[in-house]
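>>> when you get a sec, could you give me coordinates for this:
(chains A, B, C and D)
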Protein chains: 2
Amino acid sequence: MRRVTIKDIAREAGVSAQTVSRAINDKGEISPQTQERILLIAERLGYRPNSVARSLATRRTQNIGLVVPDVANPFFAGIARGIEDAAHQSDHNVFLCNTDENVDRETKAIHSLEAQRVDGLILCSSRLSDPQLQKLANRYQPLVLVNRQIDHSQTGVVLVDDVRGATEAIRYLLQLGHRRIGLLAGPPASHSGKARLQGYLGAMQTQVSKVPAHWQEPCAPQVEGGRAAALELLRRAPDLTALLAYNDLVAVGAMRACVEAGRRVPEDCAIVGCDDVPLAALVSPALTTVHIPTYNLGQRTMSLLFDMMGDDIDHPEPIIISPHLVIRDSSGQPIA
Amino acid sequence: MRRVTIKDIAREAGVSAQTVSRAINDKGEISPQTQERILLIAERLGYRPNSVARSLATRRTQNIGLVVPDVANPFFAGIARGIEDAAHQSDHNVFLCNTDENVDRETKAIHSLEAQRVDGLILCSSRLSDPQLQKLANRYQPLVLVNRQIDHSQTGVVLVDDVRGATEAIRYLLQLGHRRIGLLAGPPASHSGKARLQGYLGAMQTQVSKVPAHWQEPCAPQVEGGRAAALELLRRAPDLTALLAYNDLVAVGAMRACVEAGRRVPEDCAIVGCDDVPLAALVSPALTTVHIPTYNLGQRTMSLLFDMMGDDIDHPEPIIISPHLVIRDSSGQPIA
DNA sequence: CTGTTAGCGCATTCAC
DNA sequence: GTGAATGCGCTAACAG
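Numbers count the residues shown, from 1 in each chain, chains lettered A, B, ... in the order given. Next up, the predicted model:
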């Protein structure tokens, strides 16, 4: 069962293939009557334009590639939704690839997307080395990096201002009267972890002359990591009245640790998370956390990519996404 | 800056384009020496095969289309990951489209995917009407439907056995000694809601001669819906000792309602959810729930699609996914 | 084992 | 306003 092509319609309508093409693409240079007639025939025959052939002829696919570590992670799911919606609104399709933070899978995905001749490429939290990324950036445009720095004049960059997020969280806790605030710092290698540490230190130093190093504890970025690190921290520094967590899962782990250590949240220990994943609003007490507008981030990322696809922009303006604090029930004034 | 093509390599190597094609596709019929020589040149020139041209020539794209209501929903995210991983393992790419349960968006997505000439199409929880779906199924193969029934000899179907899931949950509660078990039934129109009701009734009737209708309450499928419905149910039938919830969010809402009504979970009221989204393990008490293996479901869906892409299977065997109960801390024996 | 010819389905460029 | 010729980059089918 062969699919109907432009030629079938041309024959049926008694015109040339070219005229059919014009009718379908609504390019003006055609009489309204013949256009309508052709469109009717196309409809009747169940014609579906072949994007593959069109792409080959025009050298543009109207497809973009999106590479993320894991769409099942709500953070990336939000970004993906923002990108998808923006793309589809402008009649572009998106290839989605998951890497599980595996460099080989990421490389393979990128090669595949290059082969697909996508009109643009978005890499989230890329694990490629700097040289690899530079090489890619030289070869492939337009390219937008989310959550990853690069020094390349033609590459778009979208970053979350994690320093600011942590700063806001700490300022809020300071304002409530907390002074002895611990940090569940996340994985030592994490880029955003470092930024959040920086924000923590900067904000703390406005009120506390010397912030003890033993108020910080690295941890795996899941619930169990947070629980273990919080237990350790509360043992080492029992006078802490508040904890800032690397992310919401870590914060939930910290809440568990508090329960185990016989501390009430927020009375005996305030807890603030980061990211504001859907879970955060649903735990009890509901988590105060630094919200990152992932959907909006995705939309703006796609918007930047579209801009770059249009003109050959030389120095695309970096986009910095500002997180903001969402105050719920896991934080309050210190008792003492 | 033109991309390097097969011809560039052919010229460089002093062979025909066809020979280059053979070398790249590793089709055997070529001497190892020339193949290696060509591959080296390709590598040096930074050649990337053009999948678009290849697709046009072979009439196969090695791409598949995946349409879901929302990847940000963990249920579909799990399925999407399973599909993606299976697809990529077999060197296929996937176009992802979100519909937000909007029929127009779904229709548009399908048309776009048809235009892309995807080799296969997967529709999750399609909102198309039966006639629309029949029409699509007649026109487009291979097609696999997830979470949606259809009577069409050439369409693949993957379903979750929700009757069984609810049955297992109720059997477990009965075994614990519960007899007065309420059902937070979800949206009346929901397909899976009806199936779960059926499972509930069937299992209940093995131990309870007449299951009162006022032990059931419909609800919106979110936390607040579950909370409101549970409050109503506990008011109307205060002697209930356990609740089965339409999904995990509803179950979390029910947990809230219990707290508000002064009931402890699980002592004064056991609660069992459905789906086992990541949240379920993280709330306190951790939720006993009916686990649906979404990732596996995705993998098997893709596997079915691959089978259908291979041969022209006439009556693809329906795949029925069996959920199973995961016992955590929100359920226990009744006190009375 | 290798080369030649002929398309895949469409859009671009030029005629008319 | 419409048509004819040409090519996008690759592979299928044949020939040698």
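
>>> burial count for the residue in the stretch 151-300 of chain A positioned nearest to DNA strand C?
Minimum separation of the stretch 151-300 of chain A from DNA strand C (Cβ to the nearest atom of the strand) falls at A:Q154, amounting to 24.6 Å. The C-beta positions use only the backbone N, C-alpha and C, and glycine is treated the same way. Neighbour count for A:Q154, taken as other Cβ atoms under 10 Å in any protein chain shown: 16.

>>> swap in A:P187?
A:P187: 15 neighbours (other Cβ under 10 Å).

>>> next: A:S331.
By other Cβ under 10 Å, neighbour count at A:S331 equals 25.

>>> re earlier: for the residue of the stretch 151-300 of chain A closest to DNA strand C, what are its contacts?
Neighbouring residues of A:Q154 by Cβ atoms under 8 Å, 6 or more residues apart in numbering or on different chains: A:A137, A:Q141, A:P142, A:L143, A:I313, A:D314, A:H315, A:P316.

>>> mind checking pLDDT for it?
For A:Q154, the pLDDT comes out at 94.

>>> distance check, it against A:L201.
To A:L201, A:Q154 is 34 Å away according to Cβ to Cβ, to the nearest Å.

>>> restricted to strands, list the contacts of A:Q154.
Judged by DSSP state E, the contacts of A:Q154 include A:L143 as members of strands.

>>> need the residues of the stretch 201-336 of chain A near chain B, please.
A:V223, A:L249, A:V252, A:R256, A:V259, A:P278, A:L279, A:L282, A:V283, A:S284 (Cβ under 8 Å from any Cβ of the partner chain).

>>> which SS class is the third one?
Judged by DSSP: H, G, I helix; E, B strand; the rest coil, the three-state class of A:V252 is helix.

>>> which stretches of the stretch 1-150 of chain A form strands?
A:63-68, A:93-98, A:120-124, A:143-146 (DSSP state E, counting those that start in this stretch).

>>> okay, buried residues for the last one please.
The one in question is strand A:143-146. In terms of neighbour count (16 or more other Cβ atoms under 10 Å in any protein chain shown), strand A:143-146 has its buried residues at A:L143, A:V144, A:L145, A:V146.

>>> out of those residues, who's nearest DNA strand D?
Ranked by distance to DNA strand D (Cβ to the nearest atom of the strand), the buried residues of strand A:143-146 are led by A:L143 at 20.0 Å.

>>> now for A:R44, how many residues are close by?
11.

>>> can you give me the pLDDT of it?
Reported pLDDT at A:R44 in the predicted model: 93.

>>> about what we covered before: tell me which two in the residues of the stretch 201-336 of chain A next to chain B are the farthest apart.
Across those, no pair lies farther apart than A:V259 and A:P278, at 22.0 Å, counting by Cβ to Cβ.

>>> which one's more surrounded, those two?
A direct count of neighbours by other Cβ under 10 Å for A:V259 and A:P278 places A:P278 higher, at 17 against 13.

>>> do I have it right that the more buried one meets A:F75?
No. With contact defined as Cβ atoms under 8 Å, A:P278 does not count as touching A:F75 (10.5 Å).

>>> go ahead and confirm A:I150 touches A:L133.
Yes. The criterion here is Cβ under 8 Å, and A:I150 meets it with A:L133 at 5.6 Å.

>>> which one's more surrounded, those two?
Neighbours per residue (other Cβ under 10 Å) separate A:I150 from A:L133, with A:L133 holding more: 21 against 17.

>>> give the contact list for the residue positioned nearest the centre of chain A.
Of all residues in chain A, the one closest to the mean position by Cα atoms, centre = their mean is A:I79, 3.9 Å from it. Listed by Cβ under 8 Å, 6+ apart, the contact partners of A:I79 are A:V68, A:C124, A:V146, A:T294, A:Y295, A:L297, A:G298, A:T301.

>>> show me what the third one bridges to in the sheet.
Taking DSSP bridges, one obtains A:C124, A:V158 as the residues bridged to A:V146.

>>> which residues are in contact with it?
Taking Cβ under 8 Å, 6+ apart as the test, what A:V146 contacts is A:I79, A:I122, A:L123, A:C124, A:S125, A:V158, A:L159, A:L297, A:T301.

>>> excluding chain neighbours, what is closest to the last one?
In other words, A:T301. Leaving aside its sequence neighbours, A:T301 sits nearest to A:V158 (Cβ to Cβ, 6 or more residues apart in numbering or on different chains; 4.9 Å).

>>> just give the number of residues close to that neighbour.
Neighbour tally, A:V158, other Cβ under 10 Å: 24.

>>> correct me, but it touches A:R148?
No. Counting by Cβ under 8 Å, A:V158 does not reach A:R148; the two are 9.1 Å apart.

>>> quick one: contacts for A:A286?
A:A280, A:R328, A:D329, A:S330.

>>> SS state for it?
coil.

>>> near DNA strand D, which residues of the stretch 51-200 of chain A? Just list them.
For the stretch 51-200 of chain A, the residues in contact with DNA strand D (Cβ under 7 Å from any atom of the strand) are A:A53, A:L56, A:A57, A:R59.

>>> which pLDDT value does the model give the nearest residue to the first one once chain neighbours are set aside?
I take that to be A:A53. For A:A53, ignoring the flanking residues on the chain, the nearest one in space by Cβ to Cβ, 6+ apart is B:L56 at 5.5 Å. Model confidence at B:L56, given as pLDDT, is 96.
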